[in-house]
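> here is the input, now give the coordinates:
(chains A and B)
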Amino acid sequence: MLWSASDDALLAGIAGGDTDAMAAFVQRHQRRVYGVARGIVVDAVLAEDVAQEAFLRVWRHAGGFDPRRASAITWLSVITRNLAIDACRLRRSAPADPERILALADRRATPGEQERTAEVDRLRRALATLPPEQRRCVLRAAVLGTTAQEIADDDDIPLGTAKTRIRLGLRRLRTALDESVDAPVDAPESGAS
Amino acid sequence: MSRPGCEAVRPLLPDVAVGVADGDDRAAVLAHVEACATCRAELDVLGSTADELLLLVPPAEPPAGFEAAVMARLSATPAPAPPPDLAAHRRPTRRLVAAGVALAAAAAVVLGLWVSGADDPATIDGDLVADGEVVGSVAATPGDPARLEVTVDGLPDGLYTVHCGYSTSDESHSYYALDAGTLRVAGGQAEWDVSVAVDVSELTKVSLLLPNDDAAAVARVG
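Numbers count the residues shown, from 1 in each chain, chains lettered A, B, ... in the order given. This is a model prediction of the structure:
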């Protein structure tokens, strides 16, 4: 049954023009895609347009998906983020409040995304290992697409400092994420509340 | 102009990794990482880590009828080419970064993605849209060299930079952008075409940029 097929299998079907596979993929991921769009774009109508466009991109480019590089959900989220950032810049529409994005560092998985609980918690714990100024820069850059120059202007810091915070923050985050993969699943959080 | 070194490229990596670098910076980085495994690995780490963070954004219930709206739009979109054809088209594609090509002067050719054996070039196109209005069209035809055509009808007179965004269909899925040249609109109209040494099958977006780099119009293609 399509509804129980893996994302990779659905994308293979979509790449071959299978509209049933596409319908199943849309139904499965519409909340994720709309959530990313709405998390970046303030305007609800524009966010819906971005989310629809993201699925059209999937329809046209599913053949380019490579599961060795990223999960389908990450690939889909990146497509949506890039479209949302483009939409904000093109329409000169302000993206979401950075403070909302920074709050993501504290968020826990919602009841509707049980399957993501472990990933969300892993990301949250890894973010907690970053100094606050790096965490702030990393989240704004990675989620909102805020450039280093924009961060430097907003925070009144030198451009080089903004670039360094993003780069070192992402590297430190990668290390923390890799270490969390190696850690036992039931290991208690050390020092985290 | 010599290829920028690691010291010059490293500060540019964050913006490139999250897809917000301008065309010149992106071109410089991509040209560098073609030959530098260290910086290429760094770019991969930064990009993949940034991408993972998107999982933190909580899902949200879309408006009623969302799924039906997507499927309706999809039905008006040509079906994608089947994977075997795509694979056959991509396999002969090879990257040839022309050593010594001046980066600043060769935005359109700095990454040489030559399509060899493209025996059935298929034009991809899209409407050029400004403020919700169609103001022209863009068409790209693969080949050796590939061709990019831009037609404008309804933009203010002036010079526009033709800024092309590509999404690699290979294992990296990375986005990059290059300027293809400068287009002059006179009397609200322009017809412009250029040879480009890139794999236009990876073209996803063409923007006409104002002198301050704001996009005056955008065409989504592919």
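
> check which residues of stretch B:123-134 are buried.
For stretch B:123-134, burial by neighbour count (16 or more other Cβ atoms under 10 Å in any protein chain shown) applies to B:124-126, B:128-130. C-beta coordinates here come from the backbone N, C-alpha and C atoms, glycine included.

> out of the helices and strands in the chain, which is least certain?
Just so you know, I chose chain A. Within chain A, confidence by mean pLDDT, DSSP states H and E is lowest for helix A:98-102 among all helices and strands, at a mean of 74.

> chain B was what I was after
Across helices and strands of chain B (mean pLDDT, DSSP H and E), lowest is strand B:93-95: a mean of 26.

> where along the chain do the helices fall?
Chain wasn't specified; assuming chain A. Secondary structure of chain A (DSSP state H): helices at A:7-15, A:19-40, A:44-61, A:72-90, A:98-102, A:117-127, A:132-144, A:148-155, A:159-182.

> oops, wrong one, chain B.
Under the criterion DSSP H, helices of chain B are mapped to B:6-9, B:13-17, B:23-35, B:37-52, B:66-75, B:83-90.

> ok, which of these comes nearest residue A:22?
helix B:66-75 (6.3 Å; Cβ to Cβ).

> and the closest one, does that touch chain A?
Yes: Helix B:66-75 reaches chain A (Cβ under 8 Å from any Cβ of the partner chain) through B:66-67, B:69-71, B:73-75.

> which stretch in the helices of chain A has the least confidence?
Per-stretch mean pLDDT for those is lowest at helix A:98-102 (a mean of 74).

> contacts for that one?
Outside helix A:98-102, the residues that touch it by Cβ atoms under 8 Å, 6 or more residues apart in numbering or on different chains are A:39, A:135-136, A:139-140, A:143-144, A:146, A:154.

> please repeat the previous calculation with a cut-off of 6 Å.
A:136, A:139-140, A:143-144 (Cβ atoms under 6 Å, 6 or more residues apart in numbering or on different chains).

> so for chain A, the centremost residue is which one?
residue A:77 (5.2 Å; Cα atoms, centre = their mean).

> if I look at the residue nearest in space to the middle of chain B, how far off is residue A:53?
Using Cα atoms, centre = their mean, the residue of chain B that lies closest to the mean C-alpha position is residue B:165, 1.7 Å off. Residue B:165 is 14 Å from residue A:53, where distance means Cβ to Cβ, to the nearest Å.

> pLDDT wise, what is residue A:114 at?
pLDDT, residue A:114: 60.

> shaky segments in chain B?
Along chain B, the model assigns pLDDT under 70 to residues B:1-3, B:78-121, B:144-145, B:168-177, B:179, B:197-198, B:211-213, B:222.

> as a quick check, tell me the outermost residue of it.
residue B:64 (33.0 Å).

> now do the same end-to-end measure for stretch B:140-158.
23 Å (Cα to Cα, to the nearest Å).

> which parts of it are buried?
Those would be B:140-143, B:145-148, B:150, B:152, B:155, for stretch B:140-158 by 16+ other Cβ under 10 Å.

> just stretch B:203-212 next, same as before
Those would be B:203-209, for stretch B:203-212 by 16+ other Cβ under 10 Å.
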